[in-house]
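S.K.: prediction below, plus the sequence it came from.
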Amino acid sequence: MLTSPIQLYKKAYSGLSLNSWYLCLVMLVNRSGTMVIPFMTIYCTKELHLTIIQTGYIMGLFGLGSILGAFLGGKLTDKIGFYDLQIGALFSGGMLFIILGFQHTFITLGAGAFILSLCNESFRPANSAAIAYYSSAENKTRSYSLNRLAINLGWAFGGALGGFLASFNYHLLFWVDGCTNMVAAIILLRLIPRSGILKPNKNKETKANTASAYKDTTYLVFIGLITLFAICFFQLFTMQPLFYKTMWQLNERVIGALMALNGILIVMIEMILIHKLEGRRHPLKYISFGVLLVGAGFVLLNVLPHGTLSGLAVIIFITLGEIMAMPFTNSFWIARTTENNRGEYAALYSMSWSAAQILAPTVGSLIIVGGGFALLWWILGGVCLVAAIGFSVLYRYLKASNRGNLNL
């Protein structure tokens, strides 16, 4: 009995290609420097003395650049392949993070945030296509989950380190974030050679038979629901840290530790959970339940007393919801793609999250100014409930029409 957990971990992680693990390492190094975005709202308001509205607009500009970056990244991925685009996005994003740290006015910071996210976000569709390229049909979901594990392990380290560095000097965050981007690019160049990577087939017959993500009605409905959920979820990284600081009077180190716990729980639980649950139910069922848990986590901010333990409970609820929902959102959209349109599908998926980056801080800040943080958390709970119902309805539609790509 004592060895069964070890065997469970072995089964969950076995069978993945070496290059999938290399991509995991690249993502781990890259995300270990993720510390600018989580502390951006605090940095803008406390260090630069910008208003909450101005801060919301700056975070929105991050999202606007991300939308355009994801769109261009998807187009370039399907046109020239994923390899060079990943390298270019990592190097340019790294340099721009460092440059952003020297911008101290609303206008220059907003412009820098837009350009940075435009370059940085083009990495996502290329990376998604690379993961699919180096995985088999049997382990695609686990390959994407391994990538998510790297993201969240890096997030755990970056969040904790970011809180520590911010307590001394916020400017250090920009340097570390930028340098880890560029180191990740160097690792990718060293570990995964460009040779042997096939470009997408571009003959006319293949193009004619390739479905467009923008004409896939089911997928577009799915993207709409994902956007609603993402608007809520992004409050975890934008307005929730500001809430902890201003309303609950938690310091940066505690806030960083709470953010780190999100990544730690994902690293410990997600791969095993997927190994146990994958194929047993339709992904939309898991997504619906996970979205409900996230909504409940936000509502708890209005119910629980102020303090670190309450923050801990909220993070656990939201993280469990994320674990239940997000791996299966990837498996849902990936099952609808081919090698020739994967960049387009990935771009639309990334664009939905980028749109949420615009709407989440902008709408969130307006709600806070108009009705306070309490109103924001009640609204987020309601929106998550609506999205969860929407995923459930979409599942029933697919089941009735027999159009689901995965086992029902």
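M.R.: Cool, got the structure. All values reported here derive from a predicted model rather than from experimental measurement.

S.K.: quick one: the helices in the stretch 301-408 of the chain?
M.R.: With DSSP state H, counting those that start in this stretch as the criterion, the stretch 301-408 of the chain has helices at 308-334, 342-401.

S.K.: next up, the contacts around residue 136.
M.R.: For residue 136, the contact set (C-beta atoms under 8 Å, 6 or more residues apart in numbering) comprises residue 17. In this view, the C-beta of every residue, glycine as well, is placed from N, C-alpha and C.

S.K.: need the pLDDT of residue 211.
M.R.: What the model reports as pLDDT for residue 211 is 71.

S.K.: check the gap between it and residue 341 for me.
M.R.: 6 Å (C-beta to C-beta, to the nearest Å).

S.K.: between those two, who's got more neighbours?
M.R.: Each of residue 211 and residue 341 has its neighbours counted (other C-beta atoms under 10 Å); residue 341 has more, 19 against 15.

S.K.: dihedrals phi and psi, the more buried one?
M.R.: Main-chain torsions, residue 341, degrees, to the nearest 10: phi -130, psi 10.

S.K.: excluding its backbone neighbours, what's nearest the residue positioned nearest the centre of the chain?
M.R.: Central residue of the chain (C-alpha atoms, centre = their mean): residue 353, 7.4 Å from the mean position. Closest residue in space to residue 353, ignoring its immediate chain neighbours: residue 230 at 4.9 Å, by C-beta to C-beta, 6 or more residues apart in numbering.

S.K.: got the CA positions of stretch 149-161 in PDB?
M.R.: The C-alpha trace of stretch 149-161 is given here as PDB (Å, rounded to 0.1, in the frame of the first residue of the first chain):
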ATOM      1  CA  LEU A 149       2.500  21.700 -14.500                       C
ATOM      2  CA  ALA A 150       5.700  23.500 -15.600                       C
ATOM      3  CA  ILE A 151       3.700  26.700 -15.800                       C
ATOM      4  CA  ASN A 152       2.400  26.400 -12.300                       C
ATOM      5  CA  LEU A 153       5.600  25.100 -10.800                       C
ATOM      6  CA  GLY A 154       7.300  28.100 -12.300                       C
ATOM      7  CA  TRP A 155       4.400  30.300 -11.000                       C
ATOM      8  CA  ALA A 156       4.900  28.900  -7.500                       C
ATOM      9  CA  PHE A 157       8.600  29.700  -7.500                       C
ATOM     10  CA  GLY A 158       8.100  33.000  -9.300                       C
ATOM     11  CA  GLY A 159       5.300  34.200  -7.000                       C
ATOM     12  CA  ALA A 160       7.200  33.400  -3.900                       C
ATOM     13  CA  LEU A 161      10.400  35.000  -5.200                       C
END
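
S.K.: the bottom helix or strand of this protein by mean pLDDT?
M.R.: In the chain, no helix or strand scores lower on mean pLDDT, DSSP states H and E than helix 204-208, which sits at a mean of 50.

S.K.: mind giving me the packing neighbours of the following helix or strand past that one?
M.R.: Once the chain leaves helix 204-208, the next helix or strand it forms, by DSSP states H and E, is helix 217-233. On a contact count with 3 or more C-beta pairs under 8 Å, 6 or more residues apart in numbering; DSSP states H and E, helix 217-233 meets helix 283-303, helix 308-334, helix 342-401.
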